[in-house]
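Q: Could you work out the structure for the sequence below:
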Amino acid sequence: MAETAYLASALVTGALLLAVWALVARLADWRRYDPAPAEGGRGRTRSTDSGDSVGAWAAGFFLLALVAGGGAVLLVSDAAFAAAIDWVALVVVFAALVVGFLLWGTYSSARFRGLRSARAALLSAWLFGSLFVAGVAAKLVLGG
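A: Numbering: from 1, shown residues only. Purely as a prediction, here's the structure:
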(Lines give C-alpha, C1' and ligand atoms only; values in the text may rest on other atoms or scores of the structure.)
Protein backbone atom coordinates (compact mmCIF):
# COMPACT_ATOMS: atom_id res chain seq x y z
CA MET A 1 0.00 0.00 0.00
CA ALA A 2 2.82 2.39 0.87
CA GLU A 3 4.51 1.83 -2.51
CA THR A 4 1.32 2.88 -4.29
CA ALA A 5 1.14 6.07 -2.25
CA TYR A 6 4.78 6.88 -3.01
CA LEU A 7 4.27 6.22 -6.71
CA ALA A 8 1.13 8.38 -6.80
CA SER A 9 2.96 11.15 -4.95
CA ALA A 10 5.85 11.01 -7.43
CA LEU A 11 3.48 11.16 -10.40
CA VAL A 12 1.53 14.09 -8.95
CA THR A 13 4.77 15.95 -8.20
CA GLY A 14 6.05 15.33 -11.72
CA ALA A 15 2.77 16.49 -13.23
CA LEU A 16 2.87 19.62 -11.09
CA LEU A 17 6.45 20.31 -12.18
CA LEU A 18 5.50 19.99 -15.84
CA ALA A 19 2.44 22.20 -15.33
CA VAL A 20 4.53 24.95 -13.71
CA TRP A 21 7.11 24.68 -16.49
CA ALA A 22 4.39 24.96 -19.17
CA LEU A 23 2.81 27.94 -17.39
CA VAL A 24 6.09 29.81 -17.13
CA ALA A 25 6.99 29.00 -20.74
CA ARG A 26 3.69 30.44 -22.01
CA LEU A 27 3.36 33.27 -19.50
CA ALA A 28 5.40 35.91 -21.31
CA ASP A 29 7.69 36.29 -24.25
CA TRP A 30 10.74 36.32 -21.99
CA ARG A 31 13.06 34.93 -24.66
CA ARG A 32 12.92 38.19 -26.56
CA TYR A 33 13.89 40.34 -23.58
CA ASP A 34 17.00 42.35 -24.37
CA PRO A 35 18.37 44.39 -21.44
CA ALA A 36 19.74 47.85 -22.03
CA PRO A 37 23.53 47.99 -22.38
CA ALA A 38 25.54 48.94 -19.34
CA GLU A 39 26.81 52.48 -18.94
CA GLY A 40 29.69 53.19 -21.25
CA GLY A 41 28.23 51.04 -24.02
CA ARG A 42 29.83 47.82 -22.85
CA GLY A 43 26.62 45.80 -22.97
CA ARG A 44 26.80 42.24 -24.17
CA THR A 45 24.88 41.21 -27.23
CA ARG A 46 22.87 38.04 -27.25
CA SER A 47 25.00 35.13 -28.36
CA THR A 48 23.86 32.32 -30.60
CA ASP A 49 25.78 29.74 -28.59
CA SER A 50 24.07 26.44 -27.86
CA GLY A 51 24.32 27.26 -24.15
CA ASP A 52 21.48 29.75 -24.59
CA SER A 53 19.07 27.07 -25.79
CA VAL A 54 16.04 26.74 -23.54
CA GLY A 55 15.72 23.08 -24.45
CA ALA A 56 19.30 22.39 -23.37
CA TRP A 57 18.75 24.10 -20.02
CA ALA A 58 15.47 22.24 -19.47
CA ALA A 59 17.07 18.89 -20.39
CA GLY A 60 19.96 19.62 -18.04
CA PHE A 61 17.57 20.47 -15.22
CA PHE A 62 15.52 17.33 -15.73
CA LEU A 63 18.68 15.20 -15.91
CA LEU A 64 19.99 16.77 -12.69
CA ALA A 65 16.63 16.23 -10.98
CA LEU A 66 16.57 12.61 -12.17
CA VAL A 67 20.09 11.96 -10.89
CA ALA A 68 19.40 13.64 -7.54
CA GLY A 69 16.09 11.84 -7.11
CA GLY A 70 17.55 8.50 -8.14
CA GLY A 71 20.46 8.97 -5.75
CA ALA A 72 18.09 9.79 -2.91
CA VAL A 73 15.96 6.72 -3.65
CA LEU A 74 19.06 4.51 -3.77
CA LEU A 75 20.27 6.01 -0.52
CA VAL A 76 17.12 5.10 1.39
CA SER A 77 16.51 1.78 -0.36
CA ASP A 78 17.78 -1.61 0.73
CA ALA A 79 20.04 -2.02 -2.29
CA ALA A 80 23.41 -3.57 -1.49
CA PHE A 81 25.45 -0.89 -3.22
CA ALA A 82 23.53 1.87 -1.43
CA ALA A 83 25.48 1.01 1.71
CA ALA A 84 28.60 2.41 0.02
CA ILE A 85 26.92 5.82 -0.28
CA ASP A 86 27.37 7.78 2.91
CA TRP A 87 25.09 10.61 4.03
CA VAL A 88 28.11 12.81 4.56
CA ALA A 89 29.28 12.21 1.00
CA LEU A 90 25.84 13.12 -0.33
CA VAL A 91 25.78 16.35 1.69
CA VAL A 92 29.31 17.25 0.56
CA VAL A 93 28.45 16.72 -3.11
CA PHE A 94 25.26 18.76 -2.76
CA ALA A 95 27.09 21.58 -0.97
CA ALA A 96 29.80 21.58 -3.65
CA LEU A 97 27.16 21.85 -6.37
CA VAL A 98 25.40 24.74 -4.61
CA VAL A 99 28.65 26.62 -3.96
CA GLY A 100 29.78 26.05 -7.54
CA PHE A 101 26.42 27.27 -8.82
CA LEU A 102 26.65 30.41 -6.66
CA LEU A 103 30.23 31.15 -7.70
CA TRP A 104 29.67 30.55 -11.42
CA GLY A 105 26.34 32.37 -11.37
CA THR A 106 27.85 35.41 -9.69
CA TYR A 107 30.80 35.44 -12.08
CA SER A 108 28.58 35.01 -15.14
CA SER A 109 26.14 37.68 -13.98
CA ALA A 110 28.95 40.15 -13.31
CA ARG A 111 30.48 39.47 -16.74
CA PHE A 112 27.07 39.99 -18.35
CA ARG A 113 26.71 43.33 -16.58
CA GLY A 114 29.94 44.60 -18.08
CA LEU A 115 32.61 43.84 -15.48
CA ARG A 116 35.92 42.55 -16.71
CA SER A 117 37.02 39.01 -15.87
CA ALA A 118 39.26 39.91 -12.92
CA ARG A 119 36.62 42.07 -11.24
CA ALA A 120 33.95 39.42 -11.81
CA ALA A 121 36.22 36.78 -10.24
CA LEU A 122 36.86 39.12 -7.30
CA LEU A 123 33.13 39.59 -6.81
CA SER A 124 32.59 35.84 -6.92
CA ALA A 125 35.39 35.22 -4.39
CA TRP A 126 34.00 37.99 -2.15
CA LEU A 127 30.59 36.30 -2.16
CA PHE A 128 32.14 32.95 -1.27
CA GLY A 129 34.17 34.54 1.54
CA SER A 130 31.12 36.34 2.89
CA LEU A 131 29.11 33.11 2.93
CA PHE A 132 31.98 31.29 4.63
CA VAL A 133 32.27 33.96 7.35
CA ALA A 134 28.48 33.96 7.83
CA GLY A 135 28.55 30.16 8.22
CA VAL A 136 31.36 30.30 10.78
CA ALA A 137 29.58 33.08 12.68
CA ALA A 138 26.32 31.10 12.70
CA LYS A 139 28.15 28.02 13.98
CA LEU A 140 29.78 30.06 16.74
CA VAL A 141 26.54 31.73 17.79
CA LEU A 142 24.46 28.55 17.67
CA GLY A 143 27.24 26.56 19.33
CA GLY A 144 27.71 23.35 17.45
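
Q: From here on, just use CA atoms for contacts and neighbour counts.
A: Noted.

Q: center of this protein, which residue is that?
A: F101 (5.8 Å; CA atoms, centre = their mean).

Q: That one: helix or strand, and which one exactly?
A: helix 87-112 (DSSP states H and E).

Q: For that helix, buried residues please.
A: Judged by neighbour count (16 or more other CA atoms under 10 Å), helix 87-112 contains these buried residues: L103, T106, Y107, S108, A110, R111, F112.

Q: Make TSV out of those residues and add pLDDT and distance to A134.
A: As requested, the buried residues of helix 87-112 are exported to TSV (pLDDT from 0 to 100; distance: CA to CA, whole Å):
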residue	pLDDT	distance to A134
L103	85	16
T106	88	18
Y107	87	20
S108	88	23
A110	88	22
R111	88	25
F112	88	27
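
Q: Which of those sits closest to A121?
A: Nearest to A121 among the buried residues of helix 87-112 is Y107, at 5.9 Å by CA to CA.

Q: who's in contact with the closest one?
A: Applying CA atoms under 8 Å, 6 or more residues apart in numbering to Y107 gives the contacts A120, A121, L123, S124.

Q: any idea how far L90 is from the last one?
A: It stands for S124. In this view, S124 and L90 are 25 Å apart by CA to CA, to the nearest Å.

Q: Least confident secondary structure element in this structure?
A: helix 54-76 (a mean of 74; mean pLDDT, DSSP states H and E).

Q: Report the angle between that one and helix 87-112.
A: Counting by axes from the mean of the first three to the mean of the last three CA atoms, to 10 degrees, helix 54-76 lies at 160 degrees to helix 87-112.
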